[in-house]
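Undergrad: build me a structure from this.
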Amino acid sequence: MASRSSAEMTLAGEQDLWFLPLGGCGEIGMNLNLYGHAGRWLMVDCGVTFYNPLQPQTQPAQLTAEVQAADPSFIAAQRENLCGIVITHAHEDHIGALPYLWPRLQAPVYCTPFAAEVLRRKLVRTDLVEQIPIIEIPPGGTCQIGPFLVNWLNITHSIPECQALLISTPAGKVFHTADWKMDPAPMLGRPFKPQVFKRLAAQGITAMVCDSTNALKSGFSLSETACFHALREVVSQAPKRVLVTGFSSNIGRLISLGRIAQQSGRYLALFGRAMENMVGAARACGYWPDDLPLIDNAHIGFLPAEEVLVAATGSQGEPRAALSKLAEDRHPQLLLSKDDLVIFSANLIPGNEMLVSRLVDKLKAKQLQVLQAADTLLPIHVSGHPNQGELAEMYQAVKPAVAIPVHGEAAHMQANAAIAREVGVPQQLLGQNGDLFVLAPKPRIWPGFVKAGRVAIQSG
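TA: Next up is the predicted model:
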């Protein structure tokens, strides 16, 4: 075979299919993935992660901004070869970096209507709102983007319109799961449909690039409906104010809290700009029920304590979030009182342990009641990611030739690969950000193809 020039070595040929993660492989968050074929690149997701000042320094001193993204230098240097950016869903670790990195990428953005609504709300705060071409693809839709035929596949997660992707080229096909779980009874959207993914097996999937977040957990994740029943039980028994902190993007969880407020004689208020923006996007896209009113935050402090239910940002101990302000009596609209109940309805993201511990100490010092998942057998939080049982079933359904675990730290990805091997996936490839996964013509890893790094984002 003729040798290739150095320029050609950064581009896949007609017979090649490449996968190159720049973020989100070997870590949880900051997802930025590239697929290469026929001299072109397709980007999947463009997310952020959060710098934790309480953790040991692993980045250069200048990278201490609160928000960081994967370094896009490799693809920015050849942006003429980038045919499109696909966003799988509107979580910050999949969409949050786009307003900051897009000027270096200059490619059209493809996403569902809900993700487009969230993105436009972000862009209003920049001068890019009229510049970025956003192509809305209906959930379950199909689009040809350069040499890549992309099929969006509805999949259950913790945000509206989450999509897995089937990326097809003449050289091979990739099933990119994005974030997912098998939820038979979500609070929002349709139940998980296994037959959609069983049909992929007949297409001969070259590789399955798969979420590893919960690969260390046995069994199956619980349904969002189970969490609704658990939270309703706890709130109904609380004698005073109840504050529930969680992820702002979990619209199904917020709808659950709205229903719980109705059934327990309470008023629901939202504390935190991110949460208010997400609910605004849900209203605009028809996902927020018309019969679920929200009380004006300015009124919540004047209500009897037993009539108050607050949903607040800050479950990861973020210093600028609503819960931290409440813990320090810095919130302008509410002062918490002795024996008010604070429920953490969110998983702890690895790396945030000290931030959350300090926040809990502050809450308890105010003589507040604090309930975390470890304190109760009730499922006051359920994950949006697959446990081992779901991973095994998905691999058995799709039957890929190669399993590529991503979206996890090393232990998570190793456990994911072990599950794939146990259920008969012929080959597993484990790598890190910057490694090139050659999927076709012959699967292998090219370690250190790109020097992976991070860039700081000045978030406002």
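Undergrad: quickly list what residue 402 is bridged to.
TA: residue 207, residue 427 (DSSP bridges).
Undergrad: so it is in contact with residue 431, correct?
TA: No - applying C-beta atoms under 8 Å, one finds residue 402 not in contact with residue 431, separated by 11.9 Å. Every residue, glycine included, has its C-beta placed from N, CA and C.
Undergrad: just the CA trace of stretch 422-429, in CSV.
TA: This file holds the C-alpha atoms of stretch 422-429, laid out as CSV (Å, rounded to 0.1, in the frame of the first residue of the first chain):
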residue,chain,number,x,y,z
GLU,A,422,-19.3,-11.8,28.7
VAL,A,423,-22.3,-11.5,26.4
GLY,A,424,-20.3,-12.3,23.3
VAL,A,425,-19.1,-9.1,21.7
PRO,A,426,-16.1,-10.3,19.8
GLN,A,427,-13.8,-7.3,20.4
GLN,A,428,-13.5,-4.5,23.0
LEU,A,429,-11.3,-1.4,22.6
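Undergrad: buried residues, that stretch. List them.
TA: Residues of stretch 422-429 classed as buried by neighbour count (16 or more other C-beta atoms under 10 Å): 423, 425, 428-429.
Undergrad: can you tell me what sits against that stretch?
TA: 207-208, 392, 395-396, 399-405, 417, 420-421, 437, 443-445 (C-beta atoms under 8 Å, 6 or more residues apart in numbering).
Undergrad: repeat that with 7 Å
TA: For stretch 422-429, the external contacting residues (C-beta atoms under 7 Å, 6 or more residues apart in numbering) are 392, 395-396, 400-404, 417, 420-421, 437, 443, 445.
Undergrad: now that stretch: mean pLDDT?
TA: Mean pLDDT, stretch 422-429: 98.
Undergrad: equivalent analysis for stretch 40-59, please.
TA: Average pLDDT, stretch 40-59: 73.
Undergrad: and for stretch 155-167?
TA: The model assigns stretch 155-167 a mean pLDDT of 97.
Undergrad: centre of the chain to it, how far?
TA: 10 Å (C-alpha atoms, centre = their mean, to the nearest Å).
Undergrad: endpoints of it, how far apart?
TA: Start and end residues of stretch 155-167 are separated by 15 Å (C-alpha to C-alpha, to the nearest Å).
Undergrad: in it, what counts as buried?
TA: For stretch 155-167, by 16+ other C-beta under 10 Å, it's 155-167.
Undergrad: what does stretch 382-395 give?
TA: With burial defined by 16+ other C-beta under 10 Å, the residues of stretch 382-395 counted as buried are 382-388, 390-395.
Undergrad: send me that stretch as PDB with only the CA atoms.
TA: Output in PDB follows, covering the C-alpha atoms of stretch 382-395 (Å, rounded to 0.1, in the frame of the first residue of the first chain):
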ATOM      1  CA  VAL A 382     -32.700   7.400  40.200                       C
ATOM      2  CA  SER A 383     -29.900   7.600  37.600                       C
ATOM      3  CA  GLY A 384     -30.400   8.300  33.900                       C
ATOM      4  CA  HIS A 385     -27.700   5.900  33.000                       C
ATOM      5  CA  PRO A 386     -27.700   2.000  32.500                       C
ATOM      6  CA  ASN A 387     -26.600  -0.500  35.100                       C
ATOM      7  CA  GLN A 388     -24.900  -3.800  34.300                       C
ATOM      8  CA  GLY A 389     -28.100  -5.500  33.400                       C
ATOM      9  CA  GLU A 390     -29.100  -2.900  30.900                       C
ATOM     10  CA  LEU A 391     -25.700  -2.800  29.300                       C
ATOM     11  CA  ALA A 392     -25.800  -6.600  28.800                       C
ATOM     12  CA  GLU A 393     -29.200  -6.500  27.200                       C
ATOM     13  CA  MET A 394     -28.200  -3.700  24.900                       C
ATOM     14  CA  TYR A 395     -25.100  -5.400  23.700                       C
END
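Undergrad: tell me the first helix or strand C-terminal of the helix or strand of the chain with the lowest mean pLDDT.
TA: Using mean pLDDT, DSSP states H and E, strand 48-50 stands out as the lowest-scoring helix or strand of the chain, at a mean of 85. Using DSSP states H and E, the helix or strand that follows strand 48-50 in sequence is strand 67-70.
Undergrad: show me what the following helix or strand past that next one is in contact with.
TA: Following strand 67-70 in sequence order, the next helix or strand is helix 73-76 (DSSP H and E). Helix 73-76 has contacts (C-beta under 7 Å, 6+ apart) with 22, 34, 41, 43, 82, 104-105, 450.
Undergrad: who does the helix or strand that residue 84 is a member of touch, helix- and strand-wise?
TA: In this assignment (DSSP H and E), residue 84 forms part of strand 82-86. Judged by 3 or more C-beta pairs under 7 Å, 6 or more residues apart in numbering; DSSP states H and E, the packing partners of strand 82-86 are strand 40-46, strand 109-111.
Undergrad: leaving out chain neighbours, which residue sits closest to residue 330?
TA: residue 324 (7.9 Å; C-beta to C-beta, 6 or more residues apart in numbering).
Undergrad: give me the low-pLDDT residue ranges for this structure?
TA: 1-9, 51-65, 458-460 (pLDDT under 70).
Undergrad: next one: phi and psi at the residue most central in space within it?
TA: For the chain, the residue nearest the mean C-alpha position is residue 91 (4.3 Å; C-alpha atoms, centre = their mean). Main-chain dihedrals, residue 91, degrees, to the nearest 10: phi -70, psi 150.
Undergrad: again with residue 204
TA: Residue 204 adopts backbone torsions of phi 70, psi 70, taken as degrees, to the nearest 10.
Undergrad: what's the neighbour count on it?
TA: Using other C-beta atoms under 10 Å, residue 204 has 11 neighbouring residues.
Undergrad: next: residue 218.
TA: Using other C-beta under 10 Å: residue 218 sits among 8 other residues.
Undergrad: which residue packs closest to it, ignoring adjacent ones?
TA: residue 388 (5.3 Å).
Undergrad: list the contacts for the one you found?
TA: Residue 388 touches 215, 217-219, 419, counting by C-beta under 7 Å, 6+ apart.
Undergrad: same question for residue 139.
TA: 112, 152, 154, 161, 163.
Undergrad: doesn't the fourth one lie inside a strand?
TA: What it means is residue 161. No - counting by DSSP: H, G, I helix; E, B strand; the rest coil, residue 161 is not found in a strand; it is coil.
Undergrad: need the helices for the stretch 151-300 of the chain, in chain order.
TA: Applying DSSP state H, counting those that start in this stretch to the stretch 151-300 of the chain gives helices spanning 194-198, 224-237, 251-264, 273-284, 297-300.
Undergrad: of these, which stretch is the most buried?
TA: helix 251-264 (a mean of 21; mean count of other C-beta atoms under 10 Å).
Undergrad: which residue ranges of the stretch 101-250 of the chain form strands?
TA: 109-111, 134-136, 142-145, 148-154, 163-169, 172-176, 207-211, 242-245 (DSSP state E, counting those that start in this stretch).
Undergrad: save these as JSON lines, and put in distance to residue 96 too.
TA: Shown next, in JSON lines, are these (distance: least, C-beta to C-beta, whole Å):
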{"stretch": "strand 109-111", "distance to residue 96": "13"}
{"stretch": "strand 134-136", "distance to residue 96": "16"}
{"stretch": "strand 142-145", "distance to residue 96": "22"}
{"stretch": "strand 148-154", "distance to residue 96": "20"}
{"stretch": "strand 163-169", "distance to residue 96": "17"}
{"stretch": "strand 172-176", "distance to residue 96": "19"}
{"stretch": "strand 207-211", "distance to residue 96": "18"}
{"stretch": "strand 242-245", "distance to residue 96": "19"}
